[in-house]
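In: Have a look; sequence and predicted model below, questions after that.
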Amino acid sequence: MRKEPSPVNRYRRLAAYASRRWPALASIVFLTLISALVTALMPWPIKILVDYALGDVASPVLFRSIIDYLSVAQTAGLLIVMAGAISLLLFLISSVLDVALTMMWSSTGQRMVYDFAADLFDRLCALTLAFHSRQPVGDSLSRLSVDTYCVFAFVQALLVAPIRQVFTLCTVAVFAWFMDPQLTLLAFALAPLMVVTATVVGARLKARAKAQREAQSQIMSFVQRTLAAMPIVQAFGAEQRNQLEFENLSIEAVARSQRSVLLANSFGFMNGFLMATGTAIVLFFGSQRVLSGELSIGSLLIFVAYLQTIRGAMVALMSIYGGLRVTGASIDRVFEILDSPEAVAERPGAAELRVAANGRIGDLKIEKVSVGYEAGRAVLKDITLQAKAGETIALVGPTGSGKSTLASLLPRFIDPWEGRVIIGDQDIRDVRLSSLRNQIGLVLQEPYLLPISVRANIAYGRPDASQTEIVAAARAADADEFIRELPEGYDTVLAERGATLSGGQSQRISIARALLKDAPILILDEPTSALDAETEGSLLATLERLMSGRTTIIIAHRLSTIRHADQIVVLQNGRVVETGRHEQLVSSGGYYQRAHDLQFSEPAAESVA
């Protein structure tokens, strides 16, 4: 079982995103310290007003020296004006600092979030197709768009907010200590109890937050799944059923949210109660000291103001802890992806795939390969194949026999458990992924056209291709004519999955994309099985041009597409049961002959291949 990384290790990794923005964060911390100092000075105009202007308490030597330096007489009116002016000045400074901090922190925090999201997106792109087949798209989107904000909350919770609150508490403690040490000790006496409360409640806050995030993710996954299958939803009249399921998911999400809010409010109530108790104690003893003449009224008012500052800072610190526990749920969800072992790893020092000057590669060998998607359940078992450069291998067999899995070995969408795949004399696990995949073209049953322009779809494998090269590829794929008839020609933006094109048109753009890439290895995964016989026939010549001179792996649904293959491999239950050319296998008495006879003697029957 894979060992889970410790929270400390994950926090250290998150801190790396903050270190990339250290100049901005240093400025934020500096302004935060100034803001905390201003906060501690905010109540002092009250003392000037109550003790020095309206009372009979003698002003401090430093204060009198400033007035003497200004060459003015110290009168009650002057002190009242000074108290108001200082109060206004402190307010303006505090407001300017708050605006500056908000703008700087918003910009810096967003950059950290995008850095984190970029790494998560990169990891998602590196994970195997088996992982993505199990992982709901909506859940991945939720982690990418929502959970990545945990880095923002983390840095704020462990750096910016604590520095501000701790410095505020320290500054207030120093000022208060010089006024009255005993009251200062009373004011901070309940802090340890608040820490204990936060520790006890924090773990439950994290568990509730994780449950809430999972409920929200389930809603997003359900919506994405439903919208992607809208033709089926409408055809089978499932609108009401989906509406009911959405409502049930929403009710569960709301219930989990309410439980989280209730726990958080309970936590806030306990903290507030403790602080209110401390305030009452300080007020009682502070009033006694005023009555005994040991403390001025102005100083007591400052203490009362400081109590609110202390309360706010303590509650903020405790909420930081609680918030960090809640953020921990999102941190766990992001690192589940970042730490997933299901990515295809590139070995240190991996080499470039060797390609000859004429663009050809070496022979292809698959040696004793066994592989699957779940431990203990091999899809392919002890497969051995060989093809010379430029030859075509056709894979035939019933559904689930492992044809697509075998083809997925070449671009390393999946790695063998046992055995190896060799191109020329290089084990492809010793080759850089980008180098390997740059030499492989794909034409799949589903063309996977993106909602971008026709030009960009054709040039997806070669984004630097010129317009002349793009048009030439389209012409070779017999796509140029219908593309020019589109509203904007090559600049027409396609609908999602090319929904505005026919199946044959979409597949021709896919073929043009492969032609433009001009890779020496070609994988054709049932490229015509979703098309009618007439459209298939018109595409066969185009496919022949595409396959010419390339080492081709073609998965055949219809045997008409593989008559001229150099080698036909029949798979059943993950094993090779027949190999040979069409002429040999069609009279072999095996699976291939039965499939051939069924397709060509009963044209209306469904293929079993």
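Out: Happy to help now that I have it. Residues are numbered from 1 along each chain as shown.
In: And for stretch 172-188, what's in contact with it?
Out: Stretch 172-188 is contacted from outside by 40, 169, 278, 281-282, 285-286, 289, 294-295, 299, 302-303, 306-307, 309-310, 313, using CB atoms under 8 Å, 6 or more residues apart in numbering. The C-beta positions use only the backbone N, C-alpha and C, and glycine is treated the same way.
In: Any of those residues buried? List them.
Out: With neighbours counted using 16 or more other CB atoms under 10 Å, the contacts of stretch 172-188 contain these buried positions: 40, 169, 278, 281-282, 286, 289, 295, 299, 302-303, 306-307, 309-310, 313.
In: Cross these against helices and list the overlap.
Out: Counted as lying in helices by DSSP state H, out of the buried ones among the contacts of stretch 172-188, are 40, 169, 278, 281-282, 286, 289, 299, 302-303, 306-307, 309-310, 313.
In: Just the closest of those residues to residue 571, please.
Out: Among those, residue 313 lies closest to residue 571 (CB to CB), at 68.8 Å.
In: so what's that closest one up against?
Out: Neighbouring residues of residue 313 by CB under 8 Å, 6+ apart: 165, 168, 169, 172.
In: Chain neighbours aside, what residue packs nearest to it?
Out: residue 165 (4.4 Å; CB to CB, 6 or more residues apart in numbering).
In: Does the one you found touch residue 309 like I think?
Out: No: taking contact to mean CB atoms under 8 Å, the distance of 9.9 Å between residue 165 and residue 309 leaves them out of contact.
In: if we can go back for a sec, farthest pair within the buried ones among the contacts of stretch 172-188?
Out: Using CB to CB for every pair in the buried ones among the contacts of stretch 172-188, the one that comes out farthest apart is 289 and 313, at 23.6 Å.
In: Against residue 118, how distant is the spatially most central residue of the chain?
Out: The centroid of the chain falls nearest to residue 144 when counting by CA atoms, centre = their mean (2.5 Å). Distance, residue 144 to residue 118, by CB to CB, to the nearest Å: 10 Å.
In: same question, residue 496
Out: Here the criterion is CB to CB. By it, residue 496 lies 24 Å from residue 118.
In: Surely the residue nearest to the centre of the chain is in contact with residue 121?
Out: Yes: the pair residue 144 / residue 121 is scored as a contact, 6.1 Å apart, by CB under 8 Å.
In: pLDDT score for residue 3?
Out: For residue 3, the model assigns a pLDDT of 53.
In: Check residue 206 too.
Out: On the pLDDT scale, residue 206 is placed at 63.
In: same check, this time on residue 286
Out: Each residue has a pLDDT score; the one for residue 286 is 81.
In: what residues are up against it?
Out: Applying CB under 8 Å, 6+ apart, one finds that residue 286 lies in contact with 180, 183, 295, 300, 303, 304.
In: residues near residue 572, how many?
Out: 16 (other CB atoms under 10 Å).
In: just residue 500 next, same as before
Out: As a burial measure, residue 500 scores 15 neighbours (other CB under 10 Å).
In: ok, it touching residue 494?
Out: Yes: applying CB under 8 Å as the test, residue 500 and residue 494 come out as touching, 6.2 Å apart.
In: Residue 385 should be in a strand, yeah?
Out: Yes: with the criterion set as DSSP: H, G, I helix; E, B strand; the rest coil, the secondary structure at residue 385 is a strand.
In: ok, and the closest residue in space to it that isn't next to it in sequence, which helix or strand is that part of?
Out: Closest residue to residue 385 in three dimensions, ignoring its sequence neighbours and counting by CB to CB, 6+ apart: residue 366, at 4.4 Å. Element membership of residue 366, judged by DSSP states H and E, is strand 364-374.
In: Return the set of buried residues in stretch 113-130.
Out: Residues of stretch 113-130 classed as buried: 113, 115, 116, 117, 119, 120, 124, 127, 128, 130 (neighbour count, 16+ other CB under 10 Å).
In: Great, nothing more from me.
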